[in-house]
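Participant: coords below, sequence missing:
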């Protein structure tokens, strides 16, 4: 049984990790760290865990952490993981990082949108943890950079089609809507109730940090520069993400071609659910789960393909995909700990 630690356990993604890992029968959750809540039991911070999690949060110490773990999740703000992950790897621990610090193989792209990278030497060995796409690489990885929530929703819908050269790459527009939990647990006026309630707004238009992440992955897939248009929006709900992508086909295609392409790519992938034209993806139907629902519509009148995906931003967009990656790395069943039933309502 693998011993697992969560560094940064009291943020939203960290707490979601604790929730999922507590129900995982093949691992033992041994260490939770938190700077703000060191010495406080986790179930005092999140009372929903009363009777389920009796661990207290600890101050971070790489020696104490590595002595009691085999695999580590770092659920920390950007820039912090690059400082502590190298020591974990030196102690032969496998690491799944939920920040952006190890999502880019090219340090210059990371530094253009975040900050200077102090562990550039690790970027080439880090594996991008889009579970359904890079399964084979994840199996043997020592370090996985877990994808962002927006890129997960966009890339899972796009990659099978761009690999098959079905899309005119210059025409791709991704329009995404996210629940407020995507902003994290830290206080911010933009996520206060009065600012968000009865409001629906775009933000960081044309400058969101996840846009270069998507471009980098797509460019690597097709071996040429790709620069999609991406607009994120904030919706007044706690969790959930819906992405609608618009693109012009590169060649003459039929709806059956699109469905067959997705079916080939995701056959046997338990967390991808293809929707019929009669039922398009809905955030309600993936809430609290690790599923990504994908649907599409080919608008023959305008010769435009419309792709739609829905995920839970905290699960498939963060903690759930991280646990899925852990399962792959440890040779466990990919679905272990992740088959909670969706809420009907």
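Facilitator: Arrived safely, thanks for sending. None of these values were measured; they are calculated from a predicted model.
Participant: per-domain residue ranges of the chain.
Facilitator: According to automatic domain parsing, the chain comprises the domains 2-125, 150-313.
Participant: tell me the mean pLDDT for the first one?
Facilitator: What it means is domain 2-125. Regarding domain 2-125, the rounded mean pLDDT is 97.
Participant: off-centre distance for it?
Facilitator: Mean-position distance between domain 2-125 and its chain equals 15 Å (C-alpha atoms, centre = their mean, to the nearest Å).
Participant: start and end of that domain, how far apart?
Facilitator: Domain 2-125 has an end-to-end distance of 23 Å (criterion: C-alpha to C-alpha, to the nearest Å).
Participant: which residues are contacting stretch 60-80?
Facilitator: With C-beta atoms under 8 Å, 6 or more residues apart in numbering as the contact definition, stretch 60-80 has outside contacts at 2-9, 11, 13-14, 17, 30-31, 33, 35, 58, 81, 84-85, 87-88, 91, 93-101, 114-115, 319, 322, 326, 329-330. For the C-beta atoms, the positions are set from N, CA and C on the backbone; glycine is no exception.
Participant: now stretch 250-267: buried residues?
Facilitator: Across stretch 250-267, burial judged by 16 or more other C-beta atoms under 10 Å covers 250, 253, 257, 258, 261, 262, 265, 266.
Participant: excluding chain neighbours, give the residue nearest to the second one in space.
Facilitator: Once its chain neighbours are removed from consideration, residue 253 has its nearest residue in residue 166; the separation is 5.9 Å (C-beta to C-beta, 6 or more residues apart in numbering).
Participant: picking that back up, need the buried residues of stretch 250-267 in TSV (columns: distance to residue 300).
Facilitator: Compiled in TSV, these are given as follows (distance: C-beta to C-beta, whole Å):
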residue	distance to residue 300
250	16
253	10
257	13
258	12
261	18
262	19
265	23
266	25
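Participant: between the residues you listed, which is closest to residue 297?
Facilitator: residue 258 (9.4 Å; C-beta to C-beta).
Participant: the closest one contacts residue 296, correct?
Facilitator: Yes - counting by C-beta atoms under 8 Å, residue 296 is a contact partner of residue 258 at 5.4 Å.
Participant: of the buried residues of stretch 250-267, which belong to helices?
Facilitator: Among these, the ones falling in helices (DSSP state H) are 257, 258, 261, 262, 265, 266.
Participant: now the strands for the chain?
Facilitator: Secondary structure of the chain (DSSP state E): strands located at 2-7, 27-33, 71-74, 94-97, 127-128, 143-145, 173-178, 201-202, 229-234, 241-247, 272-274, 292-299, 304-311.
Participant: show me what the fifth one packs onto, helices and strands only.
Facilitator: Just to be clear, that refers to strand 127-128. Packing partners of strand 127-128 (3 or more C-beta pairs under 8 Å, 6 or more residues apart in numbering; DSSP states H and E): strand 143-145.
Participant: just checking: what are the partner strands of the strand it packs on?
Facilitator: Taking DSSP bridges as the criterion, strand 143-145 sits next to strand 94-97 (parallel), strand 127-128 (parallel) in its sheet.
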